[in-house]
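Peer 1: What follows is a protein structure lacking sequence information:
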């Protein structure tokens, strides 16, 4: 399971220049969501969103905004960055659902048992009477 620090995310949401005032409306919408913190950015048309992957992903937040009619910046660099973030967060969310393997907790005992079943230097299948024969 990923470290809980890795699950806390802070991302920039970049909006298109038109329509005007959508950044303020998006701020109000996102600020009303539970487990989501929104701040204004120094960059134009940008909000800084903080969330935890157990509650939200960037993709889910952006889908909420697009469904409400907000227009995100659709420049090539922003599209590529969003797709990479979507993939990474989706993978992290799937990894949270995978239970830990039992061998991680008692790995030393498991490997000691495997070692006992493998042939190694202290075993000799030669009969005792032939061992002393020279």
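Peer 2: Nice, I can see it. This structure is a prediction, so every number in the text was calculated from the model and none was measured.
Peer 1: Show me the shaky parts of the protein.
Peer 2: 1-5, 100-111, 119-124, 133-134 (pLDDT under 70).
Peer 1: Please enumerate residues in contact with stretch 66-74?
Peer 2: Stretch 66-74 is contacted from outside by 13-16, 18-19, 22, 25-26, 29, 45, 62, 65, 78, using C-beta atoms under 8 Å, 6 or more residues apart in numbering. For the C-beta atoms, the positions are set from N, CA and C on the backbone; glycine is no exception.
Peer 1: what comes up buried for stretch 47-54?
Peer 2: Of the residues in stretch 47-54, 47, 49, 51, 53 count as buried by neighbour count, 16 or more other C-beta atoms under 10 Å.
Peer 1: what comes into contact with that stretch?
Peer 2: The contact list for stretch 47-54 (C-beta under 8 Å, 6+ apart) reads 7-13, 15, 23, 26-27, 30, 35-41, 57-58, 61, 89, 92-93, 96.
Peer 1: circling back: now, of the contacts of stretch 66-74, which are buried?
Peer 2: Burial by neighbour count, judged by 16+ other C-beta under 10 Å, picks out 13-15, 22, 26, 29, 45, 62, 65 from the contacts of stretch 66-74.
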